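In: model this:
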Amino acid sequence: MARRVPATVIIGATALMVGTVAAAAIGWRASRSTIEAGVWWDDASFALTESDAAKIGGPLMPGELTRIRQVSREEVERAYEGLRIRVTTRRDAFWRVAVVATPIRIERNKWTTYPFSAAGESHTFGPLGGWGSVSFMMLARNAIEYAPSGASRDTVVDGIGRGIGRAIVHELAHQALGADNLRHIDNRTDEHSYEYGNADRRAQYYGDVRWTTAWPVLEAKFGR
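Out: Below is the predicted model:
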């Protein structure tokens, strides 16, 4: 007499098959179409701490915040130029990064470690996209601390925008690389690269940076 297959086995197998087909369909679509990367500033008040503001001669003015947003956006668009990745402000984009006002609190293991603050983070889901955020406060503070001696206020303002933009580029790369991100990003071999795994450095804010290990993979996946 034939044995009946348990319903749970059938359901599990069906779910696996559907998931595999869906992932393949998304991957096929991604290999041929332009993908949106949503980048926006959170609905919050963006300001320096009192001590940081004092170091550059006072709080940021509205026009300076506008300049910071512009510079950060230009940095992201320049980094992904030549790929089938379109930077938008859509909050439902395939990949997305929000600029938040305060430091990002991360808890790796609530049982053995204490929470710590980070300048950026991402959650990657491969063919299902990803989302992340970068911290205005932490990146602005670093830009002020690493400003060249005698730098003008305008230079520091541009440095803040540049640092935020480069942090966004880094987080989007985590999401775009998917399963490849552990091998090709967060390295510490070249501090003048987008891939460098720490925003606490001068090159994040001043001078030029470049792609290194991540670019060949990004180009292979999303080149035009």
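
In: Just list the residues touching the residue positioned nearest the centre of the chain, thanks.
Out: The centroid of the chain falls nearest to residue 171 when counting by CA atoms, centre = their mean (2.0 Å). Neighbouring residues of residue 171 by CB atoms under 8 Å, 6 or more residues apart in numbering: 97, 120, 121, 122, 132, 133, 134. The C-beta positions use only the backbone N, C-alpha and C, and glycine is treated the same way.

In: any low-confidence regions in the protein?
Out: 1-32, 106-117, 182 (pLDDT under 70).

In: Would you state the strands of it in chain order?
Out: For the chain, strands defined by DSSP state E occupy the ranges 35-41, 85-88, 95-100, 104-106, 116-118, 120-124, 130-135.

In: Now the first one: buried residues?
Out: Same thing as strand 35-41. 35, 36, 37, 38, 39, 41 (16 or more other CB atoms under 10 Å).

In: give me the number of residues near the closest residue in space to residue 157 that isn't next to it in sequence?
Out: Nearest non-adjacent residue to residue 157, counting by CB to CB, 6 or more residues apart in numbering: residue 64, 5.0 Å away. Residue 64 has 18 neighbours, counted by other CB atoms under 10 Å.

In: Thought residue 156 was touching residue 64, still the case?
Out: No - judged on CB atoms under 8 Å, residue 64 makes no contact with residue 156 at a distance of 9.5 Å.

In: Output the buried residues of strand 35-41 in TSV; the columns should cover distance to residue 201.
Out: As requested, those are arranged in TSV below (distance: CB to CB, whole Å):
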residue	distance to residue 201
35	29
36	30
37	24
38	27
39	22
41	23
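
In: and which of the residues you listed is nearest to residue 56?
Out: residue 41 (20.3 Å; CB to CB).

In: can I get the strands of the chain in TSV with distance to residue 142?
Out: Formatted as TSV, the strands of the chain follow (distance: least, CB to CB, whole Å):
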stretch	distance to residue 142
strand 35-41	18
strand 85-88	23
strand 95-100	15
strand 104-106	14
strand 116-118	12
strand 120-124	12
strand 130-135	10
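
In: how near is the closest residue to residue 210 other than its chain neighbours to residue 87?
Out: Leaving aside its sequence neighbours, residue 210 sits nearest to residue 193 (CB to CB, 6+ apart; 5.9 Å). Between residue 193 and residue 87 the computed distance is 20 Å (CB to CB, to the nearest Å).
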